[in-house]
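Need a 3D model of the following:
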Amino acid sequence: MRKAIVIISEAGQSTAQAICREWPCETVSRNEVAQLWSQYDCWVFVGAMGICVRTIAPLIKDKHTDPAVVCADTQGRHVIAVLSGHVGGANEAARQIAAAIGALPVITTQSDTMGVWPLDLLSGRFGWECTDLLNPAIFAFVNTRPTALLLDIRDRGTDYLESTLPAHVTVVKSVDDITPDKYQLAIIVSYRRYPDIKGVTMLRWVPRVLTLGVGLAHQAAPAEKIIAGIDRVISENGIYPEAIHQYATIDIKGDEPVIRLLQQQGQSVCFFKAEQLAEVSVPSPSATVMSHVGTPSVCEASALLASDHGTLLLEKHKDESRQFTLAVAIDRTFLRQGHIEIVGAGPGDPDLVSVRGRKMLEKADLILYAGSLVPRELTLCAREGATVRSSAGMTLEEQCDLMKDFYDRGKLIVRLHTGDPCIFGAIQEQMAFFDKHQMTYHITPGISSFLAAAAELKSQFTIPERTQTIILTRGEGRTPMPEREKLHLLARSQSTMCIFLSAAIADEVQKELLTEYPPETPVAVCYHLTWKDQRIYRGTLDQLAQIIHDHHLTLTTMIVVGEAIGNRKGLSELYSAHFSHLYRKAKS
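Presented below is the predicted three-dimensional model:
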């Protein structure tokens with residue numbers, strides 16, 4: 001965004017300088033505004049609102065082409081979005097400038113003041129194509145007319161709509177549910193071409209979620225004609241061409257003119273070898289295709305492969321000119337079907353779960369949490385009617401069967417693991433099960449207990465010129481350790497070491513560490529980090545086992561070893577010397 005700032009009077013100089021420090025702008029005089037109006041994306045006036053309005057009034061044309069205009073008073077108390085609030089970005093600019101100078105943003109756009117969806121921004125935010133006039137829909141929406149919401153796919157945008165549903169909006173399952181006696185506005189997010197509904201204002205967004213597999217005849221017709229034919233076939237079958245986000249075909253067609261034209265138009269094209277395509281089971285295999293290119297399917301197989309084995313919406317269609325065949329699949333990740341979110345719960349405090357993790361917990365149909373390691377308080381945000389189960393007394397098979405039951409019914413499952421799932425999270429077997437049954441899943445990371453330990457110990461685990469490495473490991477208990485990862489070998493670096501799941505074998509851990517660390521090395525034994533009953537015991541390495549035995553510590557105990565966790569005695573001088581050295585080096 002190219003930004004200009006206009007300082008109307010000397011009194012606004014300090015405010016303008018404060019704005020430009022955090023929000024760099026080019027300074028323009030008021031007399032130059034008319035000449036340079038279209039060369040900037042955002043104009044910031046510092047001074048009286050009346051002068052700002054009189055300056056820009058002769059220049060205003062259309063909200064889709066006018067730049068954003070923001071006005072700040074000379075004392076920097078208020079920042080007002082004046083023109084092109086949504087489409088031009090003035091509302092967001094006002095918020096950013098106000099945050100930079102400690103002012104109050106003044107936003108008057110009705111959807112913002114009401115706290116409802118900014119309909120004119122959503123297509124750009126989520127990459128959707130809008131097929132209808134916005135103004136009639138915006139008028140009905142901000143005036144809280146009864147609104148139906150039909151969602152045929154799931155993506156970041158539909159998640160947003162569902163999680164921020166206004167009171168006057170009802171989610172419907174079918175277009176047949178949208179009738180003028182119930183609704184005055186219909187908002188639809190779909191790749192399907194739904195017709196107008198008499199008496200209902202329509203707002204249709206097209207998400208780019210489809211993959212088109214194409215088979216081409218050798219030296220086919222002109223590329224433009226084939227692309228037009230593809231669009232025609234898709235439209236005739238009730239699908240928006242705008243919903244195609246990638247094309248796919250066999251690699252030997254990579255030099256065909258139609259493929260090159262698609263790439264020149266900015267389209268993504270995936271290529272597969274014949275042997276890859278031959279492994280895909282398709283509804284319409286062809287012996288003729290097999291004899292020519294070595295696979296019984298090109299269009300269907302490539303559509304399925306490129307869509308991550310999604311669902312075919314349009315099976316093999318042969319164009320009447322016999323120049324191409326096509327098939328259309330929806331990517332598996334966009335299907336409105338069951339989904340599993342593996343969420344890192346953090347170290348225990350419910351406030352330390354991520355924002356995304358909390359949102360997932362709030363809308364889940366099933367929360368399956370590691371009951372022996374995750375406090376139940378983390379699940380208290382579950383919505384009414386959700387199933388909340390502890391996995392503590394369940395076998396892996398029972399856990400997977402329960403999740404699959406909910407998944408097969410199209411439900412959202414949250415598998416809640418302690419800390420971050422990637423660190424001793426035991427998720428590998430579950431993911432193998434999900435992969436085997438082609439179940440969609442995603443991982444939301446969490447705050448690991450080693451990070452909570454650093455915070456609670458008020459320690460920085462890395463010290464310049466002393467230790468720059470943090471080792472996350474465990475002692476060898478029932479789970480064997482690789483020979484190269486034995487504790488005494490890892491201890492040779494004398495780095496900061498965070499040892500998980502090892503309180504029960506404290507004597508062996510202490511023995512191995514003492515082969516490399518000095519006995520006086522600081523240690524911290526941290527039990528139930530961030531839980532209500534958190535306990536932390538400090539000492540030295542030669543006291544480690546005794547500390548654990550004396551306090552009867554077993555599960556959910558983190559052992560931290562290394563000089564970095566000391567009480568920072570002498571470290572202030574070290575840091576001062578280190579950074580003074582870096583400063584002198586930079587100056588020289």
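
Skipping adjacent residues, who's closest to residue 555 in space?
Nearest non-adjacent residue to residue 555, counting by Cβ to Cβ, 6 or more residues apart in numbering: residue 372, 6.8 Å away. C-beta coordinates here come from the backbone N, C-alpha and C atoms, glycine included.

wait, what's in contact with that neighbour?
Counting by Cβ atoms under 8 Å, 6 or more residues apart in numbering, residue 372 makes contact with 390, 392, 555.

secondary structure class for it?
Under the three-state scheme (DSSP: H, G, I helix; E, B strand; the rest coil), residue 372 adopts coil.

Any chance of the contacts of residue 372 in TSV with secondary structure as columns?
Shown next, in TSV, are the contacts of residue 372 (three-state DSSP):
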residue	secondary structure
390	strand
392	coil
555	coil
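
Can I get the buried part of those as one ChimeraX selection?
Buried subset of the contacts of residue 372, written as a ChimeraX selection, criterion 16 or more other Cβ atoms under 10 Å:
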select :390
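
Next one: the most centrally placed residue in the chain relative to residue 122, how far apart?
Geometric centre of the chain, nearest residue: residue 156, 7.6 Å, by Cα atoms, centre = their mean. Note on residue 156: its distance to residue 122, by Cβ to Cβ, to the nearest Å, is 11 Å.

still on that earlier bit, please render the contacts of residue 372 as TSV that adds pLDDT and distance to residue 23 to the earlier fields.
TSV is the format used below for the contacts of residue 372 (pLDDT from 0 to 100; distance: Cβ to Cβ, whole Å):
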residue	pLDDT	distance to residue 23
390	93	49
392	88	52
555	81	50
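
Looking at the contacts of residue 372, which is nearest residue 381?
residue 390 (16.1 Å; Cβ to Cβ).

Quickly note the distance from the closest one to residue 180.
Taking Cβ to Cβ, one finds residue 390 at 48 Å from residue 180.

Residue 71 too?
43 Å.

of these two, who's got more company?
Of the pair residue 71 and residue 180, residue 71 is the one with more neighbours under other Cβ atoms under 10 Å, namely 27 against 11.

Looks like the more buried one contacts residue 55 (just checking).
No - in this structure residue 71 lies outside contact range of residue 55 using Cβ atoms under 8 Å: 10.1 Å.

Common neighbours of the two, please.
residue 45.

for residue 52, what are its contacts?
Contacts of residue 52 by Cβ under 8 Å, 6+ apart are 6, 8, 45, 69, 71, 82.

try 7 Å
Applying Cβ atoms under 7 Å, 6 or more residues apart in numbering, we find residue 52 in contact with 45, 71, 82.

show me the contacts for the second one.
Taking Cβ under 7 Å, 6+ apart as the contact definition, residue 71 lies against 45, 49, 52, 80, 82.

what's the answer for residue 268, then?
Contacts of residue 268 by Cβ under 7 Å, 6+ apart are 245, 246.

Check what pLDDT it gets.
Here the pLDDT value assigned to residue 268 is 95.

Distance check, it against residue 369.
For residue 268 relative to residue 369 (Cβ to Cβ), the value is 39 Å.

what's the burial count for residue 176?
With other Cβ under 10 Å as criterion, residue 176 counts 7.

lowest-confidence helix or strand of the chain?
Least confident helix or strand, the chain: helix 571-587 with a mean of 47, by mean pLDDT, DSSP states H and E.

those helices in the stretch 251-400 of the chain, which residues are they?
Secondary structure of the stretch 251-400 of the chain (DSSP state H, counting those that start in this stretch): helices located at 257-264, 274-278, 287-293, 299-306, 355-363, 396-408.

Make a markdown table out of the contacts of residue 52 and add secondary structure, pLDDT and distance to residue 161.
Listed next are the contacts of residue 52 as a markdown table, based on DSSP: H, G, I helix; E, B strand; the rest coil; pLDDT from 0 to 100; distance: Cβ to Cβ, whole Å:
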| residue | secondary structure | pLDDT | distance to residue 161 |
| --- | --- | --- | --- |
| 45 | strand | 97 | 35 |
| 71 | strand | 96 | 33 |
| 82 | strand | 95 | 29 |
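
Quick one: those as CSV, columns for distance to residue 302 too.
Listed next are these as CSV, based on distance: Cβ to Cβ, whole Å:
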residue, distance to residue 302
45, 55
71, 54
82, 51
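
List the contacts of residue 485.
Residue 485 sits in contact with residue 473, where contact means Cβ under 7 Å, 6+ apart.

show me where the stretch 101-250 of the chain has helices.
Here the stretch 101-250 of the chain has its helices, by DSSP H, counting those that start in this stretch, at 110-114, 119-126, 134-142, 156-163, 223-236.

Could I have the CA atoms of the third one written out in CSV?
Okay, so that is helix 134-142. Listed next in CSV are the C-alpha coordinates belonging to helix 134-142 (Å, rounded to 0.1, in the frame of the first residue of the first chain):
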residue,chain,number,x,y,z
LEU,A,134,-23.3,-6.7,-3.1
ASN,A,135,-25.3,-3.6,-2.2
PRO,A,136,-28.8,-5.3,-2.0
ALA,A,137,-27.4,-8.1,0.1
ILE,A,138,-25.5,-5.6,2.4
PHE,A,139,-28.7,-3.6,2.9
ALA,A,140,-30.7,-6.6,3.9
PHE,A,141,-27.9,-8.0,6.1
VAL,A,142,-27.1,-4.9,8.1
